[in-house]
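Quick one, what's the 3D model for this:
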Amino acid sequence: MYVYKYIDSKMTWTEAQEYCRENHTDLATVTNMTDVKRLNKTAKQRPAWIGLKNHTNSDKTWHWSLPGLSFNKNKTHWNMDEPNNDGNELCVLLTKDLTWIDDPCNNNQRFICYNDTNTSQKFHLIEMPLNWTNAQRYCRENHTDLISGLQQLNQLNQTWNDSMKAELANETNVFIGLFSDAWAWSDESSFSFRNWDPQRDRENEELGCAALTDQGTWRNDNCSKQRSFICYEDHVILINENRTWEEALYYCRHHHHDLVTITNLDEQRWVQEKTKNATTPYVWTGLRYTCTLGFWFWVSDEVVRYKNWASPEQVNECDMSGAMETGRDHKWVKINDEKKFNFFCSK
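Predicted structure coming up:
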């Protein structure tokens, strides 16, 4: 979907941004821990600029720690008079009655991890108090992430038995994966993933740009410093023209490479981020149904293993191709391939 390019030239953050936009796509955007590993393999020297910048004059925005989850300000569980933004309370605690209160991120608190691979136990209350950044790091290294999103919090309430809930209420409140900041990516994407170094200087507003450290974490640095940097090249492009599925296929193969293929959740999130610039309710992908063999396939010849259908597959319909919803949950839908939509090409 995108590749990182290490640039062994020393520039300020703004100069690096201009270079990346002129020669590649933009300064590096990082969306998940898989990207972190790729970024660390790419960078030959540290510190190195990435595309995260602090917009100190902007309102702070609430984010979930787990990649791919959007914070809905109309659906929250805030305690009364919260968030009160008292001082520097940019992280969130879960109370014994499962409401939220904001709290300083550098306080040491117990916390709850979420594990999406362990079917027997999804949630883990960690009794070892850590600050929020270290708690996040612990969860990512030992489970999946800090518990994030209303669905997980509601599931926690439904699945924990009385003894577990008593354990939760036994002591202080616990950190969850909700945080607030004014940092934004250079390419204006909405990805909320952060990988801060626990020892970074979060108070100094003069340190407004993010740089990769020797440890593979990020620190806020002086934007005017001369650093090497990391660009990225995007291999997915949204075409804002309305075409049938077959017309879109020919266009992509003539001008780029092919209609886009999506093989995992990370690729799904990268592609769906681009739908915010679409002008049609659906966007064509490289999904196609074969009536002869009775299954869905990607035109790139990839097998359809990862699936994100809005409803169960309708395997008995011919002349159907796969499109992604522009809004809602960006699910895949089956639509007659004579309809005309925007489409995604791979480069």
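
CA atoms of stretch 231-250 as PDB?
Extracted as PDB, the C-alpha positions of stretch 231-250 are listed here (Å, rounded to 0.1, in the frame of the first residue of the first chain):
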ATOM      1  CA  CYS A 231       9.200   9.900   3.400                       C
ATOM      2  CA  TYR A 232       6.500   7.500   2.200                       C
ATOM      3  CA  GLU A 233       5.300   6.700  -1.300                       C
ATOM      4  CA  ASP A 234       1.600   5.900  -1.600                       C
ATOM      5  CA  HIS A 235       0.700   3.000  -3.900                       C
ATOM      6  CA  VAL A 236      -3.100   3.700  -3.700                       C
ATOM      7  CA  ILE A 237      -4.800   6.500  -5.600                       C
ATOM      8  CA  LEU A 238      -8.400   7.600  -5.500                       C
ATOM      9  CA  ILE A 239      -9.700   8.500  -9.000                       C
ATOM     10  CA  ASN A 240     -12.500  11.000  -8.700                       C
ATOM     11  CA  GLU A 241     -14.100  10.000 -12.000                       C
ATOM     12  CA  ASN A 242     -17.400   8.100 -12.300                       C
ATOM     13  CA  ARG A 243     -16.900   4.900 -14.300                       C
ATOM     14  CA  THR A 244     -18.400   1.400 -14.500                       C
ATOM     15  CA  TRP A 245     -16.300  -1.400 -12.800                       C
ATOM     16  CA  GLU A 246     -14.900  -2.500 -16.200                       C
ATOM     17  CA  GLU A 247     -14.100   1.000 -17.300                       C
ATOM     18  CA  ALA A 248     -12.300   1.500 -13.900                       C
ATOM     19  CA  LEU A 249     -10.400  -1.700 -14.400                       C
ATOM     20  CA  TYR A 250      -9.100  -0.600 -17.900                       C
END
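
chain center to it, what's the gap?
Relative to its chain's centre, stretch 231-250 lies at 22 Å (C-alpha atoms, centre = their mean, to the nearest Å).

I'd say residue 71 and residue 63 touch.
Yes - contact criterion C-beta atoms under 8 Å: residue 71 and residue 63 qualify, at 5.9 Å. Where you see a C-beta, it was placed from the backbone N, CA and C, and this is true even at glycine.

Please enumerate the shared neighbours of the two.
Counting by C-beta atoms under 8 Å, 6 or more residues apart in numbering, the shared contacts of residue 71 and residue 63 are 178, 192.

Comparing these two, which residue is more hemmed in?
More crowded of residue 71 and residue 63, by other C-beta atoms under 10 Å: residue 63, with 22 against 17.

Torsion angles phi and psi at that one?
Torsion angles at residue 63 (phi, psi; degrees, to the nearest 10) stand at phi -130, psi 150.

With residue 35 instead?
phi -60, psi -40.

Next, find the distance separating the closest residue to it other than its chain neighbours from residue 214.
Counting by C-beta to C-beta, 6 or more residues apart in numbering, residue 193 is the residue found nearest to residue 35 once chain neighbours are left out, at 7.6 Å. From residue 193 across to residue 214, the span is 20 Å (C-beta to C-beta, to the nearest Å).

Those two: which is more packed in?
With other C-beta under 10 Å as the criterion, residue 193 and residue 214 differ in neighbour count, and residue 193 comes out ahead with 21 against 11.

helix/strand/coil for the more buried one?
Using DSSP: H, G, I helix; E, B strand; the rest coil, the secondary structure recorded for residue 193 is coil.

Return the residues in contact with it.
Residue 193 touches 30, 31, 32, 35, 67, counting by C-beta under 8 Å, 6+ apart.

Now do the contacts for the third one.
In this case it means residue 32. The contact partners of residue 32, by C-beta under 8 Å, 6+ apart, come to 67, 193, 266, 269.

how about 10 Å then?
Neighbour list for residue 32: 38, 66-68, 140, 145, 191, 193, 195, 265-266, 269-270 [criterion: C-beta atoms under 10 Å, 6 or more residues apart in numbering].

Please pick the buried ones from these.
Neighbour counting with 16 or more other C-beta atoms under 10 Å marks 38, 66, 67, 68, 140, 145, 191, 193, 195, 266, 269, 270 as buried within the contacts of residue 32.

so which strand or helix has the third one?
Spelled out, it's residue 67. If you go by DSSP states H and E, residue 67 is not part of any helix or strand.

Check residue 40 too.
Residue 40 belongs to helix 33-42 when assigned by DSSP H and E.

With just CA atoms, put that helix into CSV.
Provided in CSV are the C-alpha atoms of helix 33-42 (Å, rounded to 0.1, in the frame of the first residue of the first chain):
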residue,chain,number,x,y,z
MET,A,33,2.9,-1.3,15.2
THR,A,34,3.6,-3.1,11.9
ASP,A,35,4.5,0.3,10.4
VAL,A,36,6.7,1.0,13.4
LYS,A,37,8.8,-2.1,12.6
ARG,A,38,9.0,-1.2,8.9
LEU,A,39,10.0,2.4,9.8
ASN,A,40,12.8,1.2,12.1
LYS,A,41,14.2,-1.1,9.4
THR,A,42,14.2,1.8,7.0
